[in-house]
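[1] Sequence first, then the predicted structure, then my questions.
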Amino acid sequence: MDERNRSAMTPALSGDGAKNLPPRETSRGVVHENARHTTQFTVVGNHLAQHVALSLVAIGLATHIQSLPAGSPVDIRSLAARFPEGTTRIARALRELEAHGYLRRTKERTERGQVVTRTVSCNRPGRTGGGQRRTNGPAPRPAKGDGRPPRPEANPPPQRREQREPRRRTALPPVPQPAYSTPDLLRTAIGVLSGLRRTDPRLLISENDAEHLAHGVATWLEREYAPESVHRALTAALPQEPLRRPAALLAHRLTAQLPPLPPFRTPEQPSVRHPLQNCDTCDRAYRAPEPGNCATCTVVTDSDPCSLLVRTST
């Protein structure tokens with residue numbers, strides 16, 4: 001009984017599908033009953049079907065997109081009309097597929113000038129340009145006499161990379177604001193900024209930066225600083241190395257070296273304008289609060305009264 005009986009007949013298999021059944025020792029997990037597809041099928045890699053980072057909605061959506069013919073709409077509204085998931089979940093799934101390389105969405109301009117979104121589905125991320133794009137019609141047959149179709153090139157030409165979004169420029173530091181920004185004051189401030197490049201060519205700034213810095217220069221001018229003094233303060237002791245952002249350096253100096261406010265001055269009282277009076281001695285007009293002698297006749301009278309008598313008689 002310890003030897004195997006090689007003459008015993010093996011149990012019969014239940015058709016062709018028996019080779020796909022799992023062994024009898026398998027008591028847990030899924031059991032596959034596979035049938036070979038000859039038409040209406042799509043090949044999906046396990047790297048997508050068993051992706052550990054993608055959500056179930058993203059995996060199913062990628063499978064659906066790969067099964068569609070070329071030219072089918074795959075925008076958020078069309079997919080939301082096809083499936084019960086809402087636009088929010090579909091948009092999140094599309095962003096997941098785009099982040100992992102299964103979708104590429106780029107903006108293109110048509111011949112009519114309209115901007116459209118071009119969506120490219122990648123069944124294997126990292127392998128672009130290796131296969132033929134799917135079309136709705138049958139593949140063209142080679143004409144007679146052409147011989148065998150040409151083999152694909154071993155090293156296909158590199159495709160142009162997607163245009164990256166330009167980096168957002170960092171905003172300039174804030175500058176002091178004047179109490180009263182009159183047009184003449186801002187015009188003078190712009191003139192001071194435009195003249196900085198004559199002293200140092202590195203201080204060439206754009207128009208937008210000049211409009212931002214003009215309020216800081218106007219604050220200096222408002223504090224009784226002459227344009228020449230502001231020019232010297234902004235151009236003195238500059239670093240020797242190249243300036244990456246001269247406008248940021250100027251904004252820092254306008255804020256860090258801001259002069260103090262001028263001392264308070266009491267406004268002078270306007271002089272009182274007296275009415276016109278006629279001199280009692282020389283009959284000339286002069287201004288005084290009350291009638292009497294003018295200043296000349298008063299001085300003569302106080303110094304030599306006799307000269308007044310002689311002047312009156314003449």
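    Perfect, I can see it now.
[2] so where's the stretch 151-300 of the chain shaky on pLDDT?
    Residues of the stretch 151-300 of the chain meeting the criterion pLDDT under 70: 151-169, 269, 300.
[3] ok, now with 80
    Low-confidence segments of the stretch 151-300 of the chain (pLDDT under 80): 151-170, 264-272, 299-300.
[4] who touches the host helix or strand of residue 231?
    Element membership for residue 231, per DSSP states H and E: helix 227-235. Residues from elsewhere that reach helix 227-235 (CB atoms under 8 Å, 6 or more residues apart in numbering): 188, 191-192, 195-196, 199-200, 203, 217, 220-221, 250, 253-254, 257. Bear in mind the C-beta positions are built from the backbone N, C-alpha and C, glycine included.
[5] Give the PyMOL command for selecting the buried subset of these.
    Filtering the contacts of helix 227-235 down to the buried ones (16 or more other CB atoms under 10 Å) takes a single PyMOL command:
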select buried, resi 188+192+196+203+217+220+221+250+253+254
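[6] Mind checking which of the contacts of helix 227-235 land in strands?
    Nothing among these maps onto strands, per DSSP state E.
[7] Let me know the closest of the contacts of helix 227-235 to residue 46.
    Closest to residue 46 out of the contacts of helix 227-235 is residue 250 (59.2 Å), distances taken as CB to CB.
[8] does that closest one really touch residue 204, like I thought?
    No: the criterion here is CB atoms under 8 Å, and residue 250 misses it with residue 204 at 11.3 Å.
[9] Count the neighbours of residue 222 for me.
    By the criterion of other CB atoms under 10 Å, residue 222 has 19 neighbours.
[10] which residues does it contact?
    Per CB under 8 Å, 6+ apart, neighbours of residue 222: 178, 179, 180, 185.
[11] For residue 41, see how far away the third one is.
    Residue 180 is 77 Å from residue 41, where distance means CB to CB, to the nearest Å.
[12] Just to check, residue 123 is in contact with residue 65?
    No: between residue 123 and residue 65 there is no contact under CB under 8 Å: 9.6 Å.
[13] in the chain, which spans are helices?
    Along the chain, counting by DSSP state H, helices occupy 46-49, 56-67, 76-82, 87-99, 183-194, 196-199, 207-222, 227-235, 246-256, 295-303, 305-313.
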